[in-house]
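[1] With the input below, show me the fold.
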Amino acid sequence: MVALGLTCAELNEKASHSLAVRSALSAAAMGYGAGLLLRRLMYATNLLHARRLPVPVISVGNLTAGGTGKTPFVAWLVRRLGAAGVRPLILSRGHAAFVVQNGQCVNDEFLILRQMAPSTMHIQGKNRHRNALRALATESPDCFVLDDGFQHWQLARDLDIVLIDATNPFGNGHLLPRGVLRETVPALRRAHVVVTTRVDLVEPCRVEQIERKVKAVHPQVVTARTSCQAVRVRALDTKAPVSTASLRGRRAFLVAGIGNPVSFRLLAERLGVDVAGMRVFPDHYAYQASDVERLRAMAQKAGSEYILLTQKDSVKLDMLPVDLAGFWQVEIEVAFEAGEDECMNAVWNVV
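    Numbers count the residues shown, from 1 in each chain. Below you'll find the predicted structure:
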């Protein structure tokens, strides 16, 4: 008791507060779940209708609120389609859009995909059906890739690919806002392909447990496994790329404003980085110029000259009128560990 610095009364008050918070979050999650069920019933009974497009629609989504590696997977998918002579167009909502590019207000994921798949067309906006019709009239794509589309029931799709992050597959098992689940696990019955991502960051037995849980819900679903491989590191001030091998043994301070920041630390440690410390920001965080100097001071205090960031963070810092010496972005790509052929067969069956 003395070591904790809390009296019995204070501990009881803290426990009561925690219980009250959990109760409030549980009530909100029940309301969210009821709304979700009602919405699904409205589509199932044709009170609401999913609108179908004249070309195939492939959705890449997840069960949880972000952090599964959708963006690099979408980049991989559209590059594969493009290499086969198919012209895909990415449709996404554009949550937390902050900058105007080519006449549309876009977010950090748009900027990342422009780096990772520069030849692929991409339209962001809340009304994806309207944006798709506009694209059909002006761009003539062969298919649409719906980024983060598993819960976007307004638009009919021909293939649903769902990603599950091996490092945090189902959160704490609760729906939003008590947990991170957008839908419960049985919703996977709607999926055609389930991809377990970041399998290199966990033990193989954990991946097998995830796949058994998926198959218990949907025995016929196609399953695959991927890892996110760091392919290069790039200095933000000079844009000079260097090998990821140069990071081994280097002391670096990490910065991540992504859905699953723990995965970035695990990736850095896997690369042999001596992690001096880490600053985590909310997903889609809007960086200010003042953040740069604060981060530099934190890194120096931790004894590090290098600051490593995700691409999602670097595309926003790169737009600030500040000196970014010492800031480096880690560039990643998807690599299949199992099930690539089966996944692509499902894609070719609809395209």
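[2] ranges for the strands of the stretch 251-351 of the chain?
    Counting by DSSP state E, counting those that start in this stretch, one finds strands in the stretch 251-351 of the chain at the ranges 251-256, 274-280, 306-310, 327-338.
[3] For residue 214, find the nearest of the ones you listed.
    strand 327-338 (13.6 Å; CB to CB). All C-beta spots, glycine's among them, are computed from the backbone N, C-alpha and C.
[4] The closest one pairs with which strands, parallel or anti?
    Strand 327-338 pairs in its sheet with strand 222-235 (antiparallel), strand 306-310 (parallel), by DSSP bridges.
[5] Comparing these, which comes out most buried?
    Comparing the strands paired with strand 327-338 by mean neighbour count (mean count of other CB atoms under 10 Å), strand 306-310 comes out on top with a mean of 25.
[6] What residues sit buried inside stretch 189-202?
    Across stretch 189-202, burial judged by 16 or more other CB atoms under 10 Å covers 190-202.
[7] Grab the CA positions of it and hand them over as CSV.
    The C-alpha coordinates for stretch 189-202 follow below in CSV (Å, rounded to 0.1, in the frame of the first residue of the first chain):
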residue,chain,number,x,y,z
ARG,A,189,-19.4,-15.7,-42.9
ARG,A,190,-19.8,-12.9,-45.4
ALA,A,191,-16.1,-13.0,-46.3
HIS,A,192,-14.7,-14.9,-49.3
VAL,A,193,-11.1,-14.6,-48.3
VAL,A,194,-9.6,-14.0,-44.8
VAL,A,195,-6.0,-13.0,-44.7
THR,A,196,-4.1,-13.1,-41.4
THR,A,197,-1.5,-10.3,-41.5
ARG,A,198,1.8,-9.7,-39.7
VAL,A,199,2.2,-13.4,-39.1
ASP,A,200,6.0,-12.9,-38.8
LEU,A,201,5.5,-10.9,-35.6
VAL,A,202,3.8,-13.7,-33.6
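[8] hmm, who's touching it?
    With CB atoms under 8 Å, 6 or more residues apart in numbering as the test, stretch 189-202 has contacts from 68-69, 73, 150, 159-167, 169, 188, 207, 210-211, 214, 217-218, 221-229, 263, 266-267, 270, 334, 337, 339, 342-343, 346.
[9] Then stretch 100-120?
    Stretch 100-120 has contacts (CB under 8 Å, 6+ apart) with 71-72, 74-75, 78-79, 82, 88-90, 92, 94-99, 122-125, 147, 284, 311-312, 315-316, 331, 333.
[10] Residue 30: which of the buried residues of stretch 189-202 is nearest?
    Using CB to CB, these come closest to residue 30 at residue 190, 22.2 Å.
[11] still on that earlier bit, same list as before, the strands paired with strand 327-338 that is, but in CSV and with mean pLDDT and distance to residue 350 included.
    Below are those laid out as CSV (pLDDT from 0 to 100; distance: least, CB to CB, whole Å):
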stretch, mean pLDDT, distance to residue 350
strand 222-235, 96, 12
strand 306-310, 97, 31
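[12] Of those strands, which is nearest residue 279?
    Within those, the stretch nearest residue 279 is strand 306-310; the backing value is 9.0 Å (CB to CB).
[13] roughly how far is the closest one from the heart of the chain?
    Remark: strand 306-310 is offset 18 Å from the chain centroid, using CA atoms, centre = their mean, to the nearest Å.
[14] Likewise for stretch 76-92?
    Its chain's C-alpha centre and that of stretch 76-92 lie 18 Å apart, by CA atoms, centre = their mean.
[15] contacting residues around it?
    58, 60, 74, 109-110, 113, 117, 119-124, 128, 131-132, 135, 139-149, 155, 161, 333-334, 344, 347, 351.
[16] Just the ones of the residues you listed in helices?
    Secondary structure defined by DSSP state H assigns 74, 109-110, 113, 128, 131-132, 135, 344, 347 of those to helices.
[17] so which of those is the most crowded?
    Using other CB atoms under 10 Å as the neighbour criterion, residue 74 leads those with 29 neighbours.
[18] State whether it and residue 60 are indeed in contact, as I suppose.
    Yes: between residue 74 and residue 60 there is a contact at 5.3 Å, judged by CB atoms under 8 Å.
[19] Now do the contacts for the nearest residue to residue 229 once chain neighbours are set aside.
    Take residue 229 and drop its neighbours on the chain: the residue closest to it by CB to CB, 6 or more residues apart in numbering is residue 335, 4.6 Å away. Counting by CB under 8 Å, 6+ apart, residue 335 touches 226-229.
[20] The same query, at a cut-off of 7 Å, please.
    By CB atoms under 7 Å, 6 or more residues apart in numbering, the contact set of residue 335 is 226-227, 229.
[21] The nearest residue to residue 342 once chain neighbours are set aside bridge partners, please.
    Spatially, and ignoring its direct neighbours in sequence, residue 342 is nearest to residue 222 (5.0 Å; CB to CB, 6+ apart). Beta bridges link residue 222 to residue 193, judged by DSSP bridges.
[22] what are the ranges of the strands in the stretch 1-150 of the chain?
    Counting by DSSP E, counting those that start in this stretch, the strands of the stretch 1-150 of the chain are 57-62, 88-92, 99-101, 104-106, 121-124, 143-147.
[23] Reformat those strands as JSON lines; add distance to residue 235 and mean neighbour count.
    Putting those into JSON lines (distance: least, CB to CB, whole Å; neighbours: other CB atoms under 10 Å) gives the following:
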{"stretch": "strand 57-62", "distance to residue 235": "31", "mean neighbour count": "26"}
{"stretch": "strand 88-92", "distance to residue 235": "28", "mean neighbour count": "25"}
{"stretch": "strand 99-101", "distance to residue 235": "22", "mean neighbour count": "13"}
{"stretch": "strand 104-106", "distance to residue 235": "24", "mean neighbour count": "16"}
{"stretch": "strand 121-124", "distance to residue 235": "26", "mean neighbour count": "21"}
{"stretch": "strand 143-147", "distance to residue 235": "28", "mean neighbour count": "25"}
